[in-house]
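Chemist: dropping a prediction and its sequence here:
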Amino acid sequence: MMHSHKLSLLLLSSLTLIACGGSTQTKDDDTFFVPVVDENISDDVFDDQRRLQVYIKMPADDFSKLRAEGRALDVAMDECPSTDFEYTDFKAIANIDGEELTSVAIRKKGYLGSLSAARPSIKLNFDTHQEGRTYKTLKRMTLNNDRQDPSHSHQCMAYELYRAAGIIAPRCNLAHVVINNEDMGTYTHVESIKKPFLERNFNNKSGNLYEAQIADLGSELNHRFELKTNKTANDRSDLDELAAVLQLEGDEFLTQLAQHLDIDEFITYWAVETLIGHWDSATGNTNNFYLYHNPGDDLFHFIPWGTDSAFTSDNTF
């Protein structure tokens, strides 16, 4: 009942925000105007009972450059992910719920479906220019524009359902974003899949973490997994071993697979993706997920990502 109640509150909040409009408008003055935060602020940066207030100020020319950046289709589908497009880091002032942070690194984010020049998805990094600095324990903040989800509800509801089913998933809430006094509207604030996430959920951050964008285990798309940790060692043999197991048959296949993957957990993961209609996913589109090889149990675990396409049957591609 608790999960149902929280989901209902989140959906009601999202629908209310839609009713209030979502157009982007520039305020009259050019100063860094931040209104007084008049809502109760908790220590939980992922408090789902309110929207974060995120106000950003950066040089106008830099913001114009940030908005214009993006992957071309041929780059996104490149057979060699290591040559993929890199977004530019810029420097900004951020005010989050009334707390000002200077020299914050900001860059655009997005692959294909979420790219937008009008309302770009962004990433903030608080310790790039001031090592060790955090905002309420976070080194980074990921703000998604919900381009495929005008209700601003899909991602948080999806991640909560994964967690309710026992699957490790990022935390999530909503944020009101203003950049250079231009009201960008409501964004989804999603927990970054980085070492702090691994430490909190697996009690071990030393394993190989892979990000999948149009990647799958096997001979065709295995090379498209991007190694996100232990890059210096660059030892992908664990992933190659798992892919090799998938070529086996019969009892040997099941026996070997159980030594590399939590099978029951994966079946649950697959079931949730199916139930919520998350088509742009590991099981639906070989896309939008992470694989973590946890040294604690020596098994691979699937972590969901990019759930803005959940709760719909419309396949953009």
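Modeler: Nice, thanks for sending it over. Just so it is clear, the structure is predicted and the values come from calculations on it, not from any experiment.
Chemist: per-residue confidence for the nearest residue to residue 93 once chain neighbours are set aside?
Modeler: Nearest non-adjacent residue to residue 93, counting by Cβ to Cβ, 6 or more residues apart in numbering: residue 57, 4.5 Å away. From N, CA and C alone the C-beta is placed, and that goes for glycine too. Here the pLDDT value assigned to residue 57 is 97.
Chemist: residue 57 - how many residues pack around it?
Modeler: Using other Cβ atoms under 10 Å, residue 57 has 22 other residues around it.
Chemist: next one: residue 101
Modeler: 16.
Chemist: tell me what the spatially closest residue to it that is not a sequence neighbour is bridged to.
Modeler: Among residues not flanking residue 101 along the chain, residue 94 sits closest, at 4.9 Å (Cβ to Cβ, 6+ apart). Here residue 94 sits in beta bridges with residue 56, residue 101, going by DSSP bridges.
Chemist: okay, buried residues for the helix or strand encompassing residue 160 please.
Modeler: Assigned by DSSP states H and E, residue 160 belongs to helix 154-164. Of all the residues in helix 154-164, those buried under the rule 16 or more other Cβ atoms under 10 Å are 154-163.
Chemist: where along the stretch 201-317 of the chain do the strands fall?
Modeler: Secondary structure of the stretch 201-317 of the chain (DSSP state E, counting those that start in this stretch): strands located at 209-212, 226-227, 289-294, 299-304.
Chemist: can you say which of those is nearest to residue 266?
Modeler: For residue 266, the closest of these is strand 299-304, at 6.1 Å, according to Cβ to Cβ.
Chemist: confirm that residue 192 sits in a strand.
Modeler: No - using DSSP: H, G, I helix; E, B strand; the rest coil, the assignment for residue 192 is coil, not a strand.
Chemist: how about it, phi and psi?
Modeler: Per-residue torsions, residue 192: phi -70, psi 140 (degrees, to the nearest 10).
Chemist: in space, what's closest to it - neighbours in sequence excluded?
Modeler: Per Cβ to Cβ, 6+ apart, closest to residue 192 is residue 140, 4.6 Å.
Chemist: residue 206 now?
Modeler: Nearest non-adjacent residue to residue 206 (Cβ to Cβ, 6+ apart): residue 295, at 5.7 Å.
Chemist: from residue 208, how far off is the one you found?
Modeler: Going from residue 295 to residue 208 by Cβ to Cβ, to the nearest Å gives 9 Å.
Chemist: try residue 257
Modeler: Distance of residue 257 to residue 208, computed by Cβ to Cβ: 18 Å.
Chemist: could you pull out the helices for the stretch 101-250 of the chain?
Modeler: Applying DSSP state H, counting those that start in this stretch to the stretch 101-250 of the chain gives helices spanning 154-164, 195-202, 237-245, 250-257.
Chemist: out of these, which is closest to residue 268?
Modeler: Across those, residue 268 has its closest neighbour in helix 154-164 (9.0 Å, Cβ to Cβ).
Chemist: which residues sit against the closest one?
Modeler: 3, 6-7, 10-11, 48, 144, 146, 149, 168-174, 188, 190, 269, 272, 275-276, 278, 304, 307-312 (Cβ atoms under 8 Å, 6 or more residues apart in numbering).
Chemist: ok, residue 40 - contacts?
Modeler: residue 50.
Chemist: now it: phi and psi?
Modeler: Phi and psi for residue 40, reported as degrees, to the nearest 10, are phi -70, psi 130.
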